[in-house]
Each structure stands twice: as structure tokens, then as C-alpha cells.
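Peer 1: here is a sequence together with a model predicted from it:
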Amino acid sequence: LLFNHALPHYWKGWRRLSGSAAFLLIFTLGCLIGSEFAGLASIALLLLMSHVLPYGRQPASWHGSCGYLQSFFSLLVLMVAGLSVWRARSPSLRRSLVLGLALGASLLYRSTLVFFPPLLALFERLLPGRGTARPTWKAQAILCVVPYLFLLPWIWMNWDLHRRFIPLENGEAIPSV
């Protein structure tokens, strides 16, 4: 709502802020996965892709005036990716809670990562660790429960409003013509 009713110069500010956050998050992710070189290579790839992909051709009716719906979700996914790598390096209850909170925030925005927590826990249980510590059952339980707690107010509101169980979006996957 803020960006749909804001003046165009606010959109430029959002682009600068979200772009800066994307560079910071992708650099951090590259550093966590590999090294500072990997972080810089990630930034270079982001710069290359931002000039190659046709961002300006998306319909304003769905993406908003500057694509803020998808750009904000991209930041959430980058944050979840970075926190996933951070947690994998040294799994703990605290790190699982932080990742669970980030996943919960992403679920409030889009349901794309709805199955990620249990799949990650299953992946960690079934595949042997390669020189890294395995998370405890408690850490995995936190990861599998906390994100879905974020949805409880949403479910309650939808029940009160529609008298139906709607845990995620309601018709978002159906494009309006």
C-alpha cells in the first residue's frame, strides 16, 4: 500500500535501499559459502543479471510500480539462504530459532518456502554430515515449529473473515485478467 500510493521519488529510494540490501546479503552469503572472493563474485553476478533480465517489462498491475513485491521477497529469500548456511556451520538452538524467525517472516509474505523447514530437517537427518555438526532434535523441532507459529494470526483472521481454513495466500496463484 505504501508504494502504490507513494510519489515516484519514493520508489527510487526503495530501489536504492533494496538494491543495497541485496548486495550486502548476497556478498554475505558468498562469504559464508566460500570466501570473500565468492562474495565479490556473487556481487558481480548480481550486477550482470540486473542488466540482463528485463525487469522493466513486467506489468505494473501485479508487480507494483517498481516490482517491490518481488524485490522484497528476494531479500527475504537471500536472508533465509544466508541464515541457513550460518546455521549449517554450527547448528544450535539459537541459530535454529533465528532461522525459524526468518522463515516465519517469509511465510507471512509469500508461501514459497512453506515446505522448506521440514524438508531441511529431513535432509539433515537422512544425509550424513560432511565434517559439520548435526543439529539436535530440539534444534530441528524449533526449525519445524517456529515458522508456522507466524501463520496462526493469519489463520485466525481468515477464519474470522471467511469462515474457512486459509493457512497461506487466498487465490494469489490465480492471475487476474
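Peer 2: Okay, I see it. All of these numbers come straight from a predicted model, not from anything done at the bench.

Peer 1: point out where this protein drops to low pLDDT.
Peer 2: Along the chain, segments meeting pLDDT under 70 span 1-11, 50-69, 128-132, 172-177.

Peer 1: if you count residues, which helix in it comes out on top?
Peer 2: The residue-count maximum for a helix in the chain (DSSP state H) belongs to helix 8-33.

Peer 1: show me what that one is packed against.
Peer 2: helix 36-52, helix 68-89 (3 or more C-beta pairs under 8 Å, 6 or more residues apart in numbering; DSSP states H and E). From N, CA and C alone the C-beta is placed, and that goes for glycine too.

Peer 1: list the buried ones in the shortest one?
Peer 2: Going back to what we said before, that points to helix 36-52. Buried residues in helix 36-52, counted by 16 or more other C-beta atoms under 10 Å: Gly39, Ser42, Ile43, Leu46.

Peer 1: likewise for the longest one?
Peer 2: Counting neighbours by 16+ other C-beta under 10 Å, one finds that the buried residues in helix 68-89 are 68, 71-72, 74-88.

Peer 1: contact partners of that helix?
Peer 2: Helix 68-89 has contacts (C-beta atoms under 8 Å, 6 or more residues apart in numbering) with 3, 11, 14-15, 18, 21-22, 25-26, 28-29, 32-33, 62-63, 95-96, 98-99, 102-103, 105-106, 109-110, 112-113, 116, 120, 132, 135.

Peer 1: thinking again about what came up before, just send the helices and strands packed on helix 8-33 back as CSV, with distance to Phe165 too.
Peer 2: CSV is the format used below for those (distance: least, C-beta to C-beta, whole Å):
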stretch, distance to Phe165
helix 36-52, 39
helix 68-89, 24
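
Peer 1: quick one: which of these is nearest Ala141?
Peer 2: helix 68-89 (14.0 Å; C-beta to C-beta).

Peer 1: tilt between the closest one and helix 8-33?
Peer 2: Counting by axes from the mean of the first three to the mean of the last three C-alpha atoms, to 10 degrees, helix 68-89 lies at 20 degrees to helix 8-33.
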